[in-house]
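Novice: Let me see the structure of the following:
(chains A, B, C and D)
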Number of protein chains: 2
Amino acid sequence: MKNMREKILGVATTLFETRGIHASGVDTIIAESGIAKATLYKYFPSKNELIIEYLKEKSNRFYTWINEKLSDTKLESRDVLFQLCDLYEQWITTPHFNGLPFHIGSVEFPDPAHPVHHYSIELSNELQQYLSKLAEIAGVKDAQTLGQQLTIIFEGGALIERLSPGTGAAKRARNAAITLIKVSV
Amino acid sequence: MKNMREKILGVATTLFETRGIHASGVDTIIAESGIAKATLYKYFPSKNELIIEYLKEKSNRFYTWINEKLSDTKLESRDVLFQLCDLYEQWITTPHFNGLPFHIGSVEFPDPAHPVHHYSIELSNELQQYLSKLAEIAGVKDAQTLGQQLTIIFEGGALIERLSPGTGAAKRARNAAITLIKVSV
DNA sequence: AAAAACGAACAGACCTGTCTGCATATTAAA
DNA sequence: TTTAATATGCAGACAGGTCTGTTCGTTTTT
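Specialist: Below is the predicted model:
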């Protein structure tokens, strides 16, 4: 089969996000995928590599989605930031949203020396830089600060929304972000 | 010995926060504590109970500390919220800060049926209610909203501060919280 | 025919939780 | 104060299970 890698990655993604990474054993992943163990280890040299590929793919999917949506907006104006907040809310209130991936990776692997933790830090920095750049394009003076503050709110909102769904965490995080953008010079 | 329970809990706390909960086996905890396995299981009927006691104790410690600090302020004024933000920054920039406990608990045990996840939700709600009540006392109109928004910022800030220490995440989270308080009616 | 995937067993380590036998404190009685 | 009874903690083996990762032949696909 051709799309064996995607199939494995898809099953792993679901298991990692619903049961946790540590709690999802390789045996469970192969049973759920309906594949042999040797096949998994052919496409992914180790479980750690599989985890990292999961993080990478989720991240790519997010940026692809958001860049496509944002490309409709004219980038010079500050409206791009407001639209970003709406997209954020939309993203984390999606039915199958299960938390931002690097968030999970960094908490489940707190040891900074662990490759998964290390890669999670990279992804976190990438998000901050992405948001900062967006703020800079929108003409915000201290773009670095706003970028990190948006990261903080998006992270926290995603966690609370996942922990207590239906209590309006996503909407309130969006509103908090919009407030911060408005007061930014 | 009298303080056996505290000793075990202390070692478990350190291990849980530096290596992760799943990654800290009972054998490691007893080896690090210098006690026998039977002793641990005398004071804590299971590892799950030990985890929950860890969460409970950390939470109590936080509220004790913050209530003591806040008792100096006159509670009718809005200044109590501003002081809260300062205390928050102080708390998460403490050298041995390793993330808010229920945050870790909820991510490492994503299954809502798991007792640790369940208790983490309780602690999250408790924090939201605590902050909402503080906002109410301070005279904020929509205290529920501000309370949850502060929870979101504090959570997100704690995560980013832990993930990228020294990048000013704590200070920026504090400032974001203060901005939100100021614009609240 | 050649490549890929299968099922299944295996190794070696780790996991939680129980149990036993022995040493050490602490307490009570003489 | 000395002795006896009780409680507490120790080290370590053990059970039964799960973990990652490897290696078999065997079957399916190309």
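Novice: how about low-confidence regions in chain A?
Specialist: For chain A, the stretches with pLDDT under 70 are A:1-2, A:75-76.
Novice: For chain A, which residues are neighbours of DNA strand D?
Specialist: A:1, A:23-28, A:36-38, A:41, A:45-48 (CB under 7 Å from any atom of the strand). Where you see a C-beta, it was placed from the backbone N, CA and C, and this is true even at glycine.
Novice: so how many other residues sit close to the closest residue to DNA strand D within chain A?
Specialist: Proximity of chain A to DNA strand D (CB to the nearest atom of the strand) peaks at A:Gly25, 2.8 Å away. A:Gly25: 12 surrounding residues under other CB atoms under 10 Å in any protein chain shown.
Novice: For DNA strand C, see how far away it is.
Specialist: Computed as CB to the nearest atom of the strand, to the nearest Å, the A:Gly25 to DNA strand C distance reads 11 Å.
Novice: backbone phi and psi for that residue, please?
Specialist: Note on A:Gly25: its backbone torsions stand at phi -80, psi 160 [degrees, to the nearest 10].
Novice: what does the domain assignment say about chain A?
Specialist: A:1-44, A:55-183 (automatic domain parsing).
Novice: Please name the nearest non-neighbouring residue to A:Thr151.
Specialist: Nearest in space to A:Thr151, with sequence neighbours left out and distances taken as CB to CB, 6 or more residues apart in numbering or on different chains, is A:Gln128 at 4.8 Å.
Novice: Show me what counts as buried in the helix or strand where the one you found lies.
Specialist: A:Gln128 is part of helix A:115-137, with elements assigned from DSSP states H and E. Residues of helix A:115-137 classed as buried: A:116-117, A:119-120, A:123-125, A:127-128, A:130-132, A:134-135 (neighbour count, 16 or more other CB atoms under 10 Å in any protein chain shown).
Novice: mind checking which helix or strand the spatially closest residue to A:Arg174 that is not a sequence neighbour is in?
Specialist: Spatial nearest neighbour of A:Arg174, excluding adjacent residues (CB to CB, 6+ apart): A:Glu89 at 4.2 Å. Assigned by DSSP H and E, A:Glu89 belongs to helix A:79-92.
Novice: Could you identify the helix or strand that succeeds that helix?
Specialist: Going down the chain from helix A:79-92, the next helix or strand is helix A:101-108, by DSSP H and E.
Novice: what about that next one and DNA strand C, touching?
Specialist: No. Contact between helix A:101-108 and DNA strand C is absent, the nearest approach being 14.4 Å (criterion: CB under 7 Å from any atom of the strand).
Novice: Direction-wise, compare that helix with helix A:115-137 and give the angle.
Specialist: Interaxial angle, helix A:101-108 versus helix A:115-137 (axes from the mean of the first three to the mean of the last three CA atoms, to 10 degrees): 140 degrees.
Novice: elements contacting helix A:101-108?
Specialist: helix A:47-70, helix A:115-137, helix A:143-163, helix B:101-108, helix B:143-163 (3 or more CB pairs under 8 Å, 6 or more residues apart in numbering or on different chains; DSSP states H and E).
Novice: let's see 6 Å
Specialist: For helix A:101-108, the packing partners by 3 or more CB pairs under 6 Å, 6 or more residues apart in numbering or on different chains; DSSP states H and E come out as helix A:47-70, helix A:115-137, helix B:101-108.
Novice: quick one: buried residues of the first one?
Specialist: It refers to helix A:47-70. Buried residues in helix A:47-70 (16+ other CB under 10 Å): A:47, A:50-55, A:57-59, A:62, A:66.
Novice: I'd say A:Gln83 and A:Asp72 touch.
Specialist: No. A:Gln83 lies out of contact with A:Asp72 (CB atoms under 6 Å); the separation is 8.4 Å.
Novice: For the two, indicate the residue with more neighbours.
Specialist: Taking neighbours as other CB under 10 Å, A:Gln83 and A:Asp72 compare with A:Gln83 leading, 16 against 8.
Novice: For that one, give its distance to DNA strand C.
Specialist: Distance of A:Gln83 to DNA strand C, given as CB to the nearest atom of the strand: 42 Å.
Novice: count of neighbours near the nearest residue to that residue once chain neighbours are set aside?
Specialist: Closest residue to A:Gln83 apart from its sequence neighbours, by CB to CB, 6+ apart: A:Thr73 at 5.4 Å. Neighbour count of A:Thr73, defined by other CB under 10 Å: 14.
Novice: would JSON lines of the buried residues of helix A:115-137 with distance to DNA strand C be doable?
Specialist: Formatted as JSON lines, these follow (distance: CB to the nearest atom of the strand, whole Å):
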{"residue": "A:Val116", "distance to DNA strand C": "17"}
{"residue": "A:His117", "distance to DNA strand C": "17"}
{"residue": "A:Tyr119", "distance to DNA strand C": "23"}
{"residue": "A:Ser120", "distance to DNA strand C": "21"}
{"residue": "A:Leu123", "distance to DNA strand C": "27"}
{"residue": "A:Ser124", "distance to DNA strand C": "27"}
{"residue": "A:Asn125", "distance to DNA strand C": "30"}
{"residue": "A:Leu127", "distance to DNA strand C": "32"}
{"residue": "A:Gln128", "distance to DNA strand C": "33"}
{"residue": "A:Tyr130", "distance to DNA strand C": "35"}
{"residue": "A:Leu131", "distance to DNA strand C": "38"}
{"residue": "A:Ser132", "distance to DNA strand C": "40"}
{"residue": "A:Leu134", "distance to DNA strand C": "40"}
{"residue": "A:Ala135", "distance to DNA strand C": "43"}
